[in-house]
Every structure is written in C-alpha cells, then in structure tokens.
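In: Structural data only, the sequence is not supplied:
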C-alpha cells in the first residue's frame, strides 16, 4: 500500500509476474507507458548489437514514436498532479505569485508546445479524437491563464474547436488572435471556419479582405475554390483552382475537385 501526496491510499496489486498493477487507471497508464519505452529501447539496442546498424527510416519512426510516448506520459503525470493540487484552491496572493512564476518560466509556451504536438498526432489511429481535442483546449486554456496575450494559444484552441465542429467558438478564438496582432493565419482560419459552417458568403468576404504576399495568395485562392465548390458554384471554383495551381501544384484532393468542376462545365 502506497500513499499519494494528499494522503490517500493508492492500492497496488501484485500478480504472479514481476509487473505491478495499480488500481488507479491513470497511474497504470503512466506505468505502462514507461514499460513501453523500456521495451522498445531494448529492441533497438538488440538490433544495433546484431546488425551493427539500423535503417534510418526505422530509426526516425522509432524516435517519433518514443517522443510521442514521452509526451503522453508527461501529460498523464501533469493531469495527475493537477488532480491533486489545483491553483484555483490557492489563496489569491499565492495564485498571483503562481501565475507570475509560470509566466517567468515561459510555461505558457510549454503548454502551447504540448497542445501543438497533440494536434499534430491527430492522424494516429490510437488517439481518441474527442479526448485529444478536449486536452488541446485544456492546455490552451492553461497557457492563456498564464499569458493572456499568447497568440498561439488562442489559435491552437480555435483549431481544436474547428475539429470538434464548434465553428462559432473557434471564430471567437481567432478574433482573440487578431486582437493581439494582425496575422494572415487568423484571417484564413476565420474564413475556413465560415466555409465549414456553411456560411459561404461570409467566407468569401473574409477571403476578399485578406491582402497577402505572393506565397500566401495560394491559401486565399484555394480557400475560395473550396468555398465555391462546397457552395455548388463550380464555374467560379474552377477559376480559383486554376489560379492556385499557377502558384504551386495542387494536391490530389484539390485536383479531384478541380476535375469535377471541369466536368460540370
């Protein structure tokens, strides 16, 4: 029987193997994650011993998986710590001092980095889409609590809300970005959220208000092409696909959409 920081008992069940099993699901996840890293590291070392080398691609994939596992373990520990000690429970003077310390240590940047990694891992099948996006929002809120002028925190929170189809909420976050600084990314994000929400006229109006350099024009043209395509205005969409393609080659998805526009005209 072990004691947690708040004095509660944490029960540990021992089975016939050497592995320790915890009754706490969260602590068990942390333990399993550490075991995974140990086992994977051992396998890599075996390959190095037997073959004297390892394929660069395999090493890169292993490194990425390991980093993801470390990030997940760190996040689990962070959530466990937060469940025991909450800054909201501290007296006002201590809370103010706590926030100042967090800002001095650039903890808001750390929260943003962790949130961005979770967004980047969204394509991995093993990650729960809803829970991952909710965690991104939670981390972004933590960053904002430390530094209310962290542009990236609002931007990442907006992205997670778009993923969850909360477009109105996402637009509010992107507007908060613009209150900090005028940035093309935020304007494009607002236009994209309007398009996904079926507000096609609003999306086009936002795209039309964006003044960009030559490289960013691609995002405006392709955004307008997608909007007119979703709107069913294929002749207009066709023209903007062509403009976008004149800046850089379209991806396969855009090419398929462009071909459909050509077929309908």
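Out: Nice, I can see it. If you're wondering where the values come from, they're calculated on a predicted model, not measured in any experiment.
In: Do I have it right that residue 241 meets residue 260?
Out: No - judged on CB atoms under 8 Å, residue 241 makes no contact with residue 260 at a distance of 10.1 Å. C-beta: built from backbone N, CA, C; applies to glycine.
In: quick one: which of these two has more around it?
Out: residue 241 (26 against 13; other CB atoms under 10 Å).
In: confidence score at residue 197?
Out: Looking at residue 197, its pLDDT reads 97.
In: check contacts around it.
Out: Shown in contact with residue 197 (CB atoms under 8 Å, 6 or more residues apart in numbering): 167, 168.
In: distance of it from residue 143?
Out: 26 Å (CB to CB, to the nearest Å).
In: what about the closest residue to residue 202 other than its chain neighbours, neighbour count?
Out: With sequence-adjacent residues excluded and distances taken as CB to CB, 6 or more residues apart in numbering, residue 202 is closest to residue 194, at 4.4 Å. Residues near residue 194, counting by other CB under 10 Å, number 22.
In: Give the buried residues for the helix or strand harbouring residue 194.
Out: Assessed by DSSP states H and E, residue 194 sits inside helix 184-196. Neighbour counts over helix 184-196 (16 or more other CB atoms under 10 Å) mark 186, 187, 188, 189, 190, 191, 192, 193, 194, 195, 196 as buried.
In: nearest to residue 217, of those residues?
Out: residue 188 (11.3 Å; CB to CB).
In: Helix, strand, or coil at residue 153?
Out: helix (DSSP: H, G, I helix; E, B strand; the rest coil).
In: Tell me how many other residues crowd it.
Out: Other residues close to residue 153 by other CB under 10 Å number 28.
In: Show the contacting residues for the residue lying closest to it once chain neighbours are set aside.
Out: Excluding its sequence neighbours, the residue lying closest to residue 153 (CB to CB, 6+ apart) is residue 143, at 3.8 Å. When contacts are counted by CB under 8 Å, 6+ apart, residue 143 touches 107, 108, 109, 111, 112, 115, 150, 152, 153.
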